[in-house]
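[1] take this sequence and fold it.
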Amino acid sequence: MKNFLSSIARLCCFLLLIQAAQGQTKVLRGVIKDAHSDERIPFASMQFQGSGSGKLSDSAGSFLFRFDQWPLDSIKITYVGYQDFLLVIDSALISKARSGVIDISILLERGKFTNEVVVRQKIDRGLLMWKRIVRRKAKNDRYRFDNFSYELYNKLEVDIKNIKRDKWANLPFIKKFNFVLNNIDTTDEGNPYLPIYLTEAISDYYYQKSPRKRREVFQGTKTMGINNESVARFLGGMDQNINFYSNFIPVFDKLFVSPLSDNGDSYYRYKVLDTQVVNGRRLIHMSFTPKRGGENTFEGDCWAHDTTWAIQKMNLRLSKDANINYVDRLSLIQEFSLINDSTWFLTRDKFVVDLSLTGEKALSAIGRKSTTYRNIMVNDPSVVEELGKNKLTEETILSPAAQQAPDSFWVESRHEELNKSEKAIYQTIDTLLKMPAFKRATRTLNFLATGYMNIGNYEIGPWFNWATANVQEGFRTRFDLATNKYFSKKVLFHGYLAYGFKDQEFKYQLDAMYLFNKNPRTYITVSHKHDFDRGQQYYDAISQDNIFALAIRKSGVPIKFLMADETKVDLFGSTKSGFSVTLGGAHKNYDPVRNLPYKSLFVDDKGDSAIRTTEATIRFRYAHLEKFLETTFNRYSLGSDFPIIELRYTRGLKGALSGKYDYHKLSASVSDYSKIPPFGTVYYNVFAGRTWGKLPYMLLDVAPGNEIYYYDKYAFNLMNRYEYLNDRYAGINFEHNFGNGIFRLLPFTRKLKFRQFWTVKALVGSLSDENKEYNMPAGSDYKFESLDGKTYVEVGTGVDNIFRLFRVDFIWRLAPTPLPKETVKKFGVFFSFRLAF
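    The predicted structure is shown next:
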């Protein structure tokens, strides 16, 4: 009997399970995301088209529907600023159910702002809310605190999208790296992409408002394949601070108007969408769109806390007509959290950009930077104590231990665990770096792009100096050879040998450098050169000793050939504050060869016509907080936010090493490059100098001219070389780039992203009677010009960013008049090119 009852019980349980299975609830759940940034979209509207019922996604962008039976219906998903999405519940979707559950990610594409109709209202609620947020900016901006600090985790990933695996796998130079293609992943929308690089950094960041100080101490950096300290320093928070409360927000080298700008209502339309209560706090949801096309503005939305009017989250997307190059799509996201009862502080930001040289559908790159902030402290004495260690206003501490942080450090310290594809990137890079074929490929690409190639312990190049031609030398060939960091990290040797097939003479240079210290930088260089003087030693004029100078010379302007034998020694020292001193000595011997007065013009009482001088120079330079990109021996300035001041004094030493001339030269300059949003950028260089002594023309102050059609930013482009001699001078070089300027007014030019600029260059100078008589005696066939207190002026304008690469300058020479020679023109057209955002 007992067994019978047990069997009956088991049968009943079985029947109940069958019934439960037949009546099991159906579940449709998932998240709604931005298709570009992968950010979740909160409170999106979801409405069934058949029944008319619906709901909103929650504050995290998630949703969940329960059904007794799968409905054959469609759900329309809408959100301001995005295209509508229709989710069809049909047999295909139902077949994906697992145990009665369908998990799905819905990606919304942008692009519905432009179709919205602007309705005039008596009370513009969007504008009213914007004014309240702006009015409270000073009380919500994190820079209101006397000091703050946080731990910062930065992760930067680079992917290649639009990968065609079948096509790529069969390319000869790709076959050896086919294993890389195994990492190809797809987005939720089905687009293939290949993660190719990943870097990470964890640091402690400290800030003090008054006196302003900043400090960053890296705990660890991970930059596989790029062993460069100056690059690693840029991975922290010192150079990546974006503040949405500022009037302008940096995007690459451009400044965009922030929706929270004090003048934001001049650039944006604001609209209140709805309000929601999250964690007991009422949040107002607003959108903003540009008022006009072609301006550097964003579109997007934000959530603001209606009590403090602090931003809780903001999404910025690049407006379609923004004048920026190579950027197909861009997203900026920042989230703020309460760190106490009333203080909102930045806790996460994200930057996603699609970059392409030729268009969105071509092979492109995706850059993803995500940053999280922990251990936030405000107005804390420990922050002041840490900043007290600073010897400078800003300091970045990157120790060798931080650069070599072990894997165990990253496992314990990362703010978020790496996903599967991110882990695969590190494995792929490690494998690639060990492959000889990969090393050869990168070396070849670097050679084509920069002109230089490492071969063992030596470096050859640049290749564009290997061949050129001119009227004096005929066909000229040149070959450079230098040591590299594999030879030594302290000593650099370099030299070149050139030969002209017409004059049948060798030219050469030998130089060496010893690097005492990299930071602050201290080194000594020694060089000897026997070659033509090809450029001004003024304002960084470009060299004409390369293959590209063959076809762009001005017609009818003879090339001046001045042979120079020069031996130099320079000792350079700098401080971390940006102050540097160069002590130099030089022995020079000049021999004019063609289209310049010969040295016989300067014969002395002893019958010696040699132009020989020995001089000592001291140069002071101050560039506050100037940033550099450094290699082992060289560094390249990335500019300073402050004017750069330079002072140089040279003393000619008559009798020293057979020097024939006694003179003094003094020069000074102040230069700066500034962004003046929304009016573009400004560059200026104000300079002046004086020379005391009786000297031949090449030792005087020769105004920098340009004899090719490639525009020279630092020279007077309608002036020829050696056209004007001065022994006292002053001048200015000024350029104002408007950005798109008037070109934004027409849809056609706005689409082409043309940019407008204007320039003015002026020089006033004079030449003493003594030097006039010495360089232009009676009966001389060659006559130099002197301004004699007059002002040389040339002005220009033109079109920049043609095909995102070229610039055309239209230059007019306004003064002095009349023009001195037939080879000098009143008007000229010049071109140049550069890659710039």
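
[2] I'd say residue 342 and residue 309 touch.
    No: under the criterion of C-beta atoms under 8 Å, residue 342 makes no contact with residue 309, lying 12.0 Å away. (Each C-beta comes from the backbone N, C-alpha and C, glycine too.)

[3] neighbour-wise, which of these two wins?
    Per other C-beta atoms under 10 Å, whichever of residue 342 and residue 309 has more neighbours is residue 309, with 19 against 11.

[4] for that one, phi and psi?
    Backbone geometry at residue 309, expressed as degrees, to the nearest 10, gives phi 60, psi 30.

[5] what's the separation between it and residue 249?
    Residue 309 sits 19 Å away from residue 249, going by C-beta to C-beta, to the nearest Å.

[6] and what of residue 691?
    Going from residue 691 to residue 249 by C-beta to C-beta gives 48 Å.

[7] likewise residue 433?
    Counting by C-beta to C-beta, the gap from residue 433 to residue 249 is 36 Å.

[8] more neighbours, these two?
    More neighbours surround residue 249 than the other of residue 433 and residue 249, with 22 against 12 (other C-beta under 10 Å).

[9] so which elements touch the helix or strand encompassing the more buried one?
    In the assignment (DSSP states H and E), residue 249 maps to strand 248-251. Packing partners of strand 248-251 (3 or more C-beta pairs under 8 Å, 6 or more residues apart in numbering; DSSP states H and E): strand 254-257, strand 327-338.

[10] let me know the pLDDT of the nearest residue to residue 491 once chain neighbours are set aside.
    Closest residue in space to residue 491, ignoring its immediate chain neighbours: residue 514 at 5.6 Å, by C-beta to C-beta, 6 or more residues apart in numbering. In this prediction, residue 514 carries a pLDDT score of 97.

[11] and residue 514, bridged to which residues?
    With beta bridges defined as DSSP bridges, residue 514 has these partners: residue 491, residue 524.

[12] from residue 278, how far out is it?
    Here the distance between residue 514 and residue 278 works out to 63 Å (C-beta to C-beta).

[13] any regions of the stretch 201-350 of the chain where pLDDT drops low?
    Flagging of the stretch 201-350 of the chain using pLDDT under 70 yields the residue ranges 225-238.

[14] what's the burial count for residue 757?
    By other C-beta under 10 Å, 21 other residues sit near residue 757.

[15] quick one: the helices in the stretch 651-800 of the chain?
    For the stretch 651-800 of the chain, the helices defined by DSSP state H, counting those that start in this stretch cover 747-752, 769-775.

[16] which of those sits most buried?
    helix 769-775 (a mean of 16; mean count of other C-beta atoms under 10 Å).

[17] per-residue confidence averaged over that one?
    On average, the pLDDT along helix 769-775 is 92.

[18] so where's the protein uncertain?
    Within the chain, the stretches with pLDDT under 70 are 1-24, 112-122, 163-193, 225-238, 359-360, 535-551, 822-823.

[19] make it 50
    Scanning the chain for pLDDT under 50 picks out 1-2, 4-5, 9, 11-22, 114-118, 188, 537-542.

[20] phi, psi for residue 472 please.
    Here is the backbone geometry of residue 472 (degrees, to the nearest 10): phi -90, psi -50.

[21] burial of it, as a residue count?
    Residue 472: 18 surrounding residues under other C-beta under 10 Å.

[22] so who does it touch?
    Listed by C-beta atoms under 8 Å, 6 or more residues apart in numbering, the contact set of residue 472 reads 500, 502-503, 532, 559, 561, 593-594.

[23] top of these by neighbour count?
    Tallying neighbours with other C-beta under 10 Å puts residue 532 at the head of the contacts of residue 472, with 24 neighbours.

[24] contacting residues for that residue?
    Going by C-beta under 8 Å, 6+ apart, residue 532 touches 472, 507, 561-564, 593.

[25] quick one: which of the residues you listed sit in strands?
    Residues of the contacts of residue 532 located in strands (DSSP state E): 507, 561-564, 593.

[26] all helices of the chain, in order?
    2-22, 91-94, 125-135, 137-140, 165-169, 229-233, 381-387, 400-403, 407-413, 420-433, 436-450, 747-752, 769-775 (DSSP state H).

[27] out of those, flag the one nearest residue 718.
    helix 769-775 (22.8 Å; C-beta to C-beta).

[28] restricting to C-alpha, output the closest one in CSV.
    Extracted in CSV, the C-alpha atoms of helix 769-775 (Å, rounded to 0.1, in the frame of the first residue of the first chain):
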residue,chain,number,x,y,z
ASP,A,769,76.4,103.2,-44.5
GLU,A,770,79.6,101.3,-43.5
ASN,A,771,78.0,97.9,-44.5
LYS,A,772,76.5,99.4,-47.6
GLU,A,773,79.9,100.5,-48.8
TYR,A,774,81.5,97.2,-47.8
ASN,A,775,78.9,95.0,-49.6
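
[29] can you give me the neighbour number for residue 25?
    Using other C-beta under 10 Å, residue 25 has 10 other residues around it.

[30] from residue 125, how far out is the closest residue to it other than its chain neighbours?
    Sequence neighbours aside, residue 66 is the residue nearest to residue 25 in space, at 5.2 Å (criterion: C-beta to C-beta, 6+ apart). For residue 66, the distance to residue 125 (C-beta to C-beta) stands at 36 Å.

[31] kindly report the same for residue 520.
    From residue 520 over to residue 125 the distance is 56 Å, taken as C-beta to C-beta.
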